[in-house]
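Q: let's see this in three dimensions:
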Amino acid sequence: MGQKAKGFLCILAAFLITLIPFFDVQARSTILDRSTEVRLHDAYWWRLNGSSFNDCLPGIDGYDSVPSSGLSDLQSAFVDKYHSIAITLGNEYGIPWEAVMAQGILESAAGTSNFAKYRNNFFGINAVDSNPGNATYFSSPAEGWRGYFDFIKNNPRYAAAGAFNYPNDPYGYIQAIKNAGYATDPNYVTKVSTLIKAVQNRAEEKGWKVNAGTSGLENCTSTEEGNGDINATALAFSWPDRSHSIDDPKAAYRSALSVVGLSTYSDQYVQIGASCDAFVATVLRYSGADPNVVCCGAANMLSYFISHSDLYEEVPNIGNQSNLQPGDIRAKPSHVEIYVVTESGAGRIASASHGDRTADHGIGYYYDSSFRIFRLKKGNSNG
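A: Next comes the predicted model:
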C-alpha cells in the first residue's frame, strides 16, 4: 500500500475515533436522563450509588464460596449478589423473582457477558440478532435489573399472555412470556426451569423468606423506631404521588390483594385496592404484622384495633407528628390510613380512598382530631 493511501486511512481512522464519544453519549443520554427519574422506591430503604446498596439489602458481594446443587460457583455468587434486588423488584412488579434470577444467569452467563459487564444489561434488552450492538446501556446494575421489569411491564403482549397471573409461580411465568415470544429457543423454558429450581434451593438454604403472604423484606433491618415491616410494605404498595388513576394500583399492591384474598371481595373498589380499608388490611396481612386483621369497613377496623389491646397500643393524638412512629395506624369510623416515613425522613400519609383513588403516599402529615392512633406492639404479631 502506498504512503498516500496509508496516510488517508490513518486520517480516516482518527476521525472515526473522535466520533465514538459522541455516539456513546447520544446512546447513553436517554438512559442517563431516565435514571434521574426512575428511582428504586423509598419503600425498600436503599440508595443508588453505582452498584452499591445500603445495609438493608443483604447478600451484595457476600458469596460464601459454597455453591448450591445445580449452580456453579459463578452462578451461586451471582445469585447471592443480586437476590435482594430481584426479590424487591419482583414484589413491586408482581413477577416471581426466581424466574428473573434464572433468566439473568442464563442470559448474562452469570454476569460475565459483555452486555452485563459494560452496559449493566443482564437480559439483552433491545439486543436483537440482526443488531446486537443496539443493546441498551444502563447507568448501574440496579437500573439494569429494573430495565428488565419495565420491559415486561411496558410490552402489552406479556400481560395479554397472562404473565402477571403468576406472581408466585416462576414456572408458569416463564411459560407465559415464552408463549408471548420472549425467546425463540425451543428449549428456553426447560433451561430456565432447571435454573429456577436451583435458585429456589439456594434461597431455602440461605433462609431467604420470600413466600406469598410476606413483604419479601424479612432480611431487612427495621427502622430505628416503629414497625419497619408495616412502614416498608405500605410504601411499597403505594405510589409516591396522586397522579395515578383509580384502576392503576402498583403491581405489588395488585398482586398482594390477590394473595390476601381481597381481589374477590364483594365490593368492586376493594377488589382493585381503591379503598382505605383494603389498603390497610392488605399491608397488615401481607407484611405478616397482623394476618388476621378484619376487613372491610373503616368502622369495623377501628373497633378491631380498640378491642385488640393485646396487639395494639393506642397513641395519643396530640395534634402533630412528634410522637408518631413509622407504621402507626390512624383510624376513625369513616377512614383508616398509615403514617409512613420515607428514606429521606419525610413523614407522609399512605392511604387509598373508596371509589376515589388507589393507594399513594402523596401527602404529608395533617392533623385531624377525630383520628385515633394505634401502634402494633413490638414483638407482637397476630399470626
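
Q: low-scoring stretches of the stretch 151-300 of the chain, by residue?
A: 209-228 (pLDDT under 70).

Q: what segments of it are helices?
A: 156-160, 170-179, 188-206, 228-237, 251-259, 268-271, 276-287, 298-307 (DSSP state H, counting those that start in this stretch).

Q: how about the ones you listed in CSV, adding mean neighbour count and distance to A99?
A: Placement of C-beta: from N, CA and C, glycine included. Supplementary listing: the helices of the stretch 151-300 of the chain in CSV, determined by neighbours: other Cβ atoms under 10 Å; distance: least, Cβ to Cβ, whole Å:
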stretch, mean neighbour count, distance to A99
helix 156-160, 14, 12
helix 170-179, 21, 4
helix 188-206, 19, 6
helix 228-237, 28, 20
helix 251-259, 23, 14
helix 268-271, 18, 26
helix 276-287, 28, 20
helix 298-307, 18, 35
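
Q: how much space between N231 and P291?
A: Computed as Cβ to Cβ, to the nearest Å, the N231 to P291 distance reads 18 Å.

Q: could you check how far V336 is from T233?
A: For V336, the distance to T233 - Cβ to Cβ - is 15 Å.

Q: typo on my end, C276
A: C276 is 16 Å from T233, by Cβ to Cβ.

Q: same check on Y253?
A: Taken as Cβ to Cβ, the span from Y253 to T233 is 10 Å.

Q: over to L74?
A: Counting by Cβ to Cβ - L74 and T233 are separated by 34 Å.

Q: now do N201
A: Distance from N201 to T233, by Cβ to Cβ: 27 Å.

Q: same check, this time on S353
A: 19 Å.

Q: ok, now G288?
A: The value you get for G288 to T233, if Cβ to Cβ is used, is 9 Å.

Q: if I pick Y82, what's in contact with it?
A: 101, 104, 141, 145 (Cβ atoms under 8 Å, 6 or more residues apart in numbering).

Q: nearest to K197 among the residues you listed?
A: M101 (11.7 Å; Cβ to Cβ).

Q: so that closest one, which state does it fall into?
A: helix (DSSP: H, G, I helix; E, B strand; the rest coil).

Q: can you count the residues close to it?
A: With neighbours defined by other Cβ atoms under 10 Å, the count for M101 comes to 30.

Q: what sits against it?
A: Here M101 is in contact with 79, 82-83, 86, 195, 199 (Cβ under 8 Å, 6+ apart).

Q: out of the residues you listed, which comes closest to I152?
A: A86 (13.2 Å).

Q: how far does whichever helix or strand that closest one is part of sit from the chain's center?
A: Assessed by DSSP states H and E, A86 sits inside helix 73-93. Taking Cα atoms, centre = their mean, to the nearest Å, the mean C-alpha location of helix 73-93 is offset from the chain mean by 12 Å.

Q: so for it, what gets flagged as buried?
A: 75-93 (16 or more other Cβ atoms under 10 Å).

Q: just stretch 115-126 next, same as before
A: Result for stretch 115-126 [16+ other Cβ under 10 Å]: buried residues 115-116, 119-125.
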